[in-house]
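[1] Kindly generate the corresponding structure for this input.
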Amino acid sequence: MKTRIGILTSGGDCPGLNAVLRGAALAADKLGWEMLGFRDGFEGLLPPGDFTILDRKCTENIMALGGTLIGTTNRGHFVAKIGAGDRAVVAADVIEKARKVLNDDRVEALVIVGGDGSMTTALQLQEAGINCVGVPKTIDNDLEATAMTFGFDSAVAAVVDALDRLHTTATSHKRAIVVEVMGRHAGWIALHGGLAGGADVILIPEIPFDFDKVADAIRARDAAGDLSSLVVVAEGARPRDGQQVKRDIKDGEFRLGGIGDIVAREIAARTAKETRTCVLGHLQRGGAPTTLDRILGTRFGVKAVQLINESHFGSMVSYQNYQVRHVPIADAVNRLRLVPPNGEMVQTARDVEISFGD
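    Presented below is the predicted three-dimensional model:
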């Protein structure tokens, strides 16, 4: 009878998830194992258990696809995080139901692909005696325990493509265009996308900004004969002495959004310049993964199966110094990797005359 392991994808989708599934499935097959893909995140673990067998045939040609073959959710019975750093506890009866499903289906270990909240849930399952291995996933690239996560490169590529397109229309109309991108607590997408896309102003959560300083940068460009400007703002950016802009609050988790419109309105009021806003939103999550994310996702999936084979339960795959390694899940949760305000990337941007509004 074949050894059985499970895998699920939890939280927001991102490019590269299918590469992880394919890599894990093929690595398991090579060991003579059978892999069960639980549908719609942790919810697939609830009785009677909702899964599909992930084999060579069903994972063929999925690496180039965005999204996730087995679905995902960031809602439901297993949500173990409320806001930034506030851990909630998954109900004991829910964990026991999941344990029964896994036991009944002879699943000896579970690969959990997700972000910080999903890793918090994984840690609780591990503490309850369910063998788990984590694979970090977030387009925000903000987990301290890994130098890079798959999906980030694809998200940045979407931002750069948008900026390339917006340059032409901004130049034609001599406008300022504000582009709002994802980044709740960390500004990596805004910083990398803005630098690669030729932005003139980048606003990130780690560097509170001043509306007057942003307006000064726009006016200085106009005075130099550069009559169009692109402003990239992370959704979690906030003005000095101000708060992040929250669109709504539901079930303890807030959604950010709207800072782009506010920045555009303040630029127009202070400079009298025609200003427009473009919110990229979920465009950054969708579409085919880049070459880098396909490779990184594959490496992460293979490593997760290797960790199970070596009985490194309670570990999370980690990318460090160009090598795929592992760290304890307990050392990975609730530790965000933020943009250093005085770091080399920010200084590089400043040296090519990008303003951070400070």
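
[2] quick one, strands of the protein?
    Along the chain, the stretches classed as strands by DSSP state E are 4-9, 34-38, 51-54, 107-114, 132-136, 176-181, 201-203, 229-234, 246-250, 253-256, 275-279, 315-320, 323-328.

[3] Switch those strands over to JSON lines; also include distance to Leu125 and mean pLDDT.
    Where you see a C-beta, it was placed from the backbone N, CA and C, and this is true even at glycine. Output for these, formatted as JSON lines (distance: least, Cβ to Cβ, whole Å; pLDDT from 0 to 100):
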{"stretch": "strand 4-9", "distance to Leu125": "11", "mean pLDDT": "98"}
{"stretch": "strand 34-38", "distance to Leu125": "12", "mean pLDDT": "97"}
{"stretch": "strand 51-54", "distance to Leu125": "16", "mean pLDDT": "96"}
{"stretch": "strand 107-114", "distance to Leu125": "7", "mean pLDDT": "97"}
{"stretch": "strand 132-136", "distance to Leu125": "5", "mean pLDDT": "97"}
{"stretch": "strand 176-181", "distance to Leu125": "33", "mean pLDDT": "98"}
{"stretch": "strand 201-203", "distance to Leu125": "38", "mean pLDDT": "98"}
{"stretch": "strand 229-234", "distance to Leu125": "32", "mean pLDDT": "98"}
{"stretch": "strand 246-250", "distance to Leu125": "25", "mean pLDDT": "58"}
{"stretch": "strand 253-256", "distance to Leu125": "20", "mean pLDDT": "59"}
{"stretch": "strand 275-279", "distance to Leu125": "36", "mean pLDDT": "96"}
{"stretch": "strand 315-320", "distance to Leu125": "13", "mean pLDDT": "96"}
{"stretch": "strand 323-328", "distance to Leu125": "14", "mean pLDDT": "96"}
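
[4] quick one: which of those strands is nearest Pro341?
    Among those, the nearest to Pro341 by Cβ to Cβ is strand 201-203 (12.0 Å).

[5] circling back to that earlier point, now the strands of the chain as TSV including distance to Ile62 and mean neighbour count?
    As requested, the strands of the chain are exported to TSV (distance: least, Cβ to Cβ, whole Å; neighbours: other Cβ atoms under 10 Å):
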stretch	distance to Ile62	mean neighbour count
strand 4-9	12	26
strand 34-38	11	25
strand 51-54	10	18
strand 107-114	14	25
strand 132-136	16	28
strand 176-181	27	28
strand 201-203	35	29
strand 229-234	31	28
strand 246-250	32	10
strand 253-256	30	16
strand 275-279	29	19
strand 315-320	19	23
strand 323-328	20	16
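
[6] Thr73: which of those is closest?
    strand 4-9 (9.3 Å).

[7] Now do that closest one against strand 132-136: the angle between them, please.
    30 degrees (axes from the mean of the first three to the mean of the last three Cα atoms, to 10 degrees).

[8] Low-confidence stretches in the stretch 151-300 of the chain?
    By pLDDT under 70, the weakly predicted segments of the stretch 151-300 of the chain are 243, 246-257.

[9] Recalculate using a threshold of 80.
    242-257 (pLDDT under 80).

[10] Show me where it has its helices.
    Secondary structure of the stretch 151-300 of the chain by DSSP state H, counting those that start in this stretch: the helices cover 152-173, 188-196, 211-223, 259-271, 291-309.

[11] rewinding a little: can you redo the strands of the chain as JSON lines with distance to Leu296?
    Formatted as JSON lines, the strands of the chain follow (distance: least, Cβ to Cβ, whole Å):
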{"stretch": "strand 4-9", "distance to Leu296": "15"}
{"stretch": "strand 34-38", "distance to Leu296": "20"}
{"stretch": "strand 51-54", "distance to Leu296": "19"}
{"stretch": "strand 107-114", "distance to Leu296": "13"}
{"stretch": "strand 132-136", "distance to Leu296": "10"}
{"stretch": "strand 176-181", "distance to Leu296": "21"}
{"stretch": "strand 201-203", "distance to Leu296": "25"}
{"stretch": "strand 229-234", "distance to Leu296": "22"}
{"stretch": "strand 246-250", "distance to Leu296": "31"}
{"stretch": "strand 253-256", "distance to Leu296": "26"}
{"stretch": "strand 275-279", "distance to Leu296": "27"}
{"stretch": "strand 315-320", "distance to Leu296": "7"}
{"stretch": "strand 323-328", "distance to Leu296": "8"}
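
[12] Since that was my last question, I'll sign off now.
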